[in-house]
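Student: Just to be clear, the model below is a prediction. Sequence and coordinates:
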Amino acid sequence: MAADIILYDADYVPVGEDQKQHLELTRTIAQRFNNYYGDFFTVPEPLIPEVGARIMDLQNPEKKMSKSEENEKGYITMFDDAATIRRKIRSAVTDSLGIIKYDPENQKGLANLLTIYASATDREIEDIVLQYKDSSYKEFKDDLAEVVCDMLIPIQERYLAIVKSNELQDILNSGRDTASEYAYKKMLKCKRKVGLGRK
């Protein structure tokens, strides 16, 4: 991962809070190389969203959402169908308070759902809370399920359209050629920088 990032001179890398440490390793490698051989690699900065940097498990909001969890109800995949998405969100853990507000300490499950809603709609959490202040958890979850479906289903449809056409091969071939050419030139410059290039 570090090689891919510094090879292609990424200025920014979008990461979640839990992935920042991996980017720190990349930054360390680039900085050490630059300190020893002179300015060469771009030292990337993390791009961490203010909302949604860490989405928690739907069944256990104490843990990060992960598809490696045994309980499939705890996570939503990019390819879950609409019925599955609705079922998982409706069964998401909340609390017995019945009040829609953003309280990550006392209402972890609800705070997680509000974060998902805000991330999927690019809205402020405060605005969503205001919209649903007189609603039940069921109403909120039903709407959230539709929001997530509205976000994911078009992506799934586009994916299937590409996979079933020749477009995917064209994209992959073009990407391979562009990446190979860039990487070849970068590696030549890198070898010269460390004294391995032929003169």
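Tutor: It's in. If you're wondering where the values come from, they're calculated on a predicted model, not measured in any experiment.
Student: got the buried residues for the helix or strand bottoming out on mean pLDDT in the chain?
Tutor: When each helix and strand of the chain is scored by mean pLDDT, DSSP states H and E, helix 2-7 comes last, with a mean of 89. Buried residues in helix 2-7, counted by 16 or more other C-beta atoms under 10 Å: 5-6. All C-beta atoms are positioned from the backbone trio N, CA, C, and that covers glycine.
Student: same for the helix or strand just after it, what does it pack against?
Tutor: Counting by DSSP states H and E, the next helix or strand C-terminal to helix 2-7 is strand 12-14. Here strand 12-14 touches strand 45-47, going by 3 or more C-beta pairs under 8 Å, 6 or more residues apart in numbering; DSSP states H and E.
Student: what about Pro14, how many residues close to it?
Tutor: A count of nearby residues for Pro14, using other C-beta atoms under 10 Å, gives 12.
Student: do the same with Asn71
Tutor: 10.
Student: What separates the first and last residues of stretch 98-110, distance-wise?
Tutor: 10 Å (C-alpha to C-alpha, to the nearest Å).
Student: isn't Met65 right next to Met56, touching?
Tutor: Yes - between Met65 and Met56 there is a contact under C-beta atoms under 8 Å: 5.9 Å.
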